[in-house]
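J.: Here's my sequence, what's the structure:
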Amino acid sequence: MDIFNHPIVLLWGLFGLIAAVLAYLASEARRAKLMAALGDIGTLSRLFPAMAAQRRRLKAWLLFAALALIFIALAGPQWGLETDNGDNSASAGHLVIALDTSLSMNARDIQPSRIESAKLMLKLLIEQLGGYRMGIVAFAGKAYVECPLTTDADALKYFLSSVSVDMLPERGTSLESAVTTSAGMLSRYPGHKAVVLLTDGEDHEGKLKEAEKSAADAGVAIIAVGIGKPEGELIPVGDSGTDYKKDKEGHPVVSKLGEKTLVEMAAATGGAYIRYSDAETASSQIATQLKKLEKLRWQSKSRAHYRNHYRIPLILALLALVLELLIPEGELSFSEICRIGDFKKSAGSKS
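T.: Residues are numbered from 1 along each chain as shown. Predicted coordinates for the structure are as follows:
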């Protein structure tokens, strides 16, 4: 075991102690020179008791001891194991909701539609996660921050209500942009961080690996929620309800739930995958997964280390300083200096 947590401080303390001793020796040399100027040292030593010099030396040694003990305390003497459960000051988690607003979210294999079901579920989730700071990202071909991180549930619900399919200028679906933008919002925050990604899993760019790695490196777990059905559904366009999106050949486009991409994304970031069934069940599953991830984070932070006993040398240093203050000064008093002057005058008159 390392006896000191910061052993380099001991080296600084040694230099400081040497400087203090040299300063004391220089002061004593000047004192001796002054005494020699006042008269013969041997004669003066017989006139005045050695108690003053002893007090000065004792006070100096107490100061040296206090200085050494302070540096020892700064070095962090340690022994005895204790368990650290991490920084619990960040007990409230940080969460970004990334919601797919591409045209495929209009599909009605989940009633009344994928997007409306997702919004209903998210409102329930916001109510359950009262201690979280949350933000909202909407994405299609590119991701945009709709609501910055906040604890205001009403504000979150308001921004969520304004999210709609095809609201963004870029068409398509970019999961990479959604993950990068969401992780970027969380990167500067400590503690438990997660992204709840709601999408049908379609990705038109295929650039997810780098975004997944960046999120994992930043400690951001992705809970991917797949909304839709594997067999797929036609994508309504317009308000008629009978017109559907078609490909270049004029065939109706079927949007299918792409679970493989979402499962891989969740696994790469230490998160979880959930398939949407209904709003209540999905919101409860997400809340449960968030609690599990938070618990795992604190367990991973828990570690045993040696207990820092800096208080012991610090208390001893304080005692040394108090004792030094209680000992009378060892300087020559005014009356003693006058006595030396009278002695010199009498010695000069005799000669």
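
J.: how about stretch 64-77: buried residues?
T.: When burial is assessed from 16 or more other C-beta atoms under 10 Å, stretch 64-77 yields the following buried residues: 65-77. C-beta coordinates here come from the backbone N, C-alpha and C atoms, glycine included.

J.: Tell me which two in the residues you listed are the farthest apart.
T.: Farthest pair in the buried residues of stretch 64-77 (C-beta to C-beta) is Ala65 and Gly76. Separation: 19.1 Å.

J.: surely Lys213 meets Ala268?
T.: Yes: in this structure, Lys213 is within contact of Ala268 by C-beta atoms under 8 Å, at 7.4 Å.

J.: Looking at these two, which is more packed in?
T.: Counted by other C-beta atoms under 10 Å, Lys213 and Ala268 do not tie: Ala268 has more neighbours, with 16 against 12.

J.: Does the closest residue to that one other than its chain neighbours fall in a helix, a strand, or a coil region?
T.: Counting by C-beta to C-beta, 6 or more residues apart in numbering, Ala268 lies nearest to Glu212, which is 4.2 Å off, once chain neighbours are set aside. Under DSSP: H, G, I helix; E, B strand; the rest coil, the three-state class of Glu212 is helix.

J.: Is it correct that Glu212 is in contact with Met265?
T.: Yes: look at Glu212 against Met265 with C-beta under 8 Å: they come within range, at 5.8 Å.

J.: which residues do these two both contact?
T.: Common contacts of Glu212 and Met265 (C-beta atoms under 8 Å, 6 or more residues apart in numbering): 179, 222.

J.: what residue ranges in the stretch 201-350 of the chain score low on pLDDT?
T.: Applying pLDDT under 70 to the stretch 201-350 of the chain picks out residues 204-206, 239-241, 296-306, 329-350.

J.: ok, which stretches of it are strands?
T.: Secondary structure of the stretch 201-350 of the chain by DSSP state E, counting those that start in this stretch: the strands cover 220-226, 233-234, 254-255, 272-275, 303-308.

J.: Could you do the stretch 1-150 of the chain as well?
T.: Using DSSP E, counting those that start in this stretch, the strands of the stretch 1-150 of the chain run over 78-84, 94-100, 133-139, 143-150.

J.: Quick one: residues contacting Thr261.
T.: 175, 201, 203, 208.

J.: Once you drop chain neighbours, what's closest to the first one?
T.: Leaving out its chain neighbours, the residue that sits closest to Leu175 by C-beta to C-beta, 6+ apart is Asp203, at 4.5 Å.

J.: Pretty sure the one you found sits against Ser174.
T.: Yes: counting by C-beta under 8 Å, Asp203 touches Ser174, with 7.2 Å between them.

J.: Name the residue in those two with the higher neighbour count.
T.: Legend: neighbour count by other C-beta under 10 Å for Asp203 and Ser174, higher for Ser174 (24 against 19).

J.: Give me the distance between the more buried one and Leu10.
T.: Between Ser174 and Leu10 the distance, using C-beta to C-beta, to the nearest Å, works out to 55 Å.

J.: next one: Phe71
T.: Taking C-beta to C-beta, one finds Phe71 at 6 Å from Leu10.

J.: Over to Ile312?
T.: Counting by C-beta to C-beta - Ile312 and Leu10 are separated by 16 Å.

J.: Looking at those two, which is more packed in?
T.: Legend: neighbour count by other C-beta under 10 Å for Ile312 and Leu10, higher for Leu10 (15 against 12).

J.: Distance of the residue nearest to Leu175 relative to Gly172?
T.: 9 Å.

J.: Next: Ile97.
T.: Ile97 is 20 Å from Gly172, by C-beta to C-beta.

J.: So for those two, which sits in the more crowded spot?
T.: Between Ile97 and Gly172, counted using other C-beta under 10 Å, Ile97 has the larger neighbour count: 27 against 17.

J.: Per-residue pLDDT of the more buried one, please?
T.: According to the prediction, Ile97 has pLDDT 97.

J.: Okay, and the beta partners of it?
T.: Counting by DSSP bridges, Ile97 forms beta bridges with Ile136, Val196.
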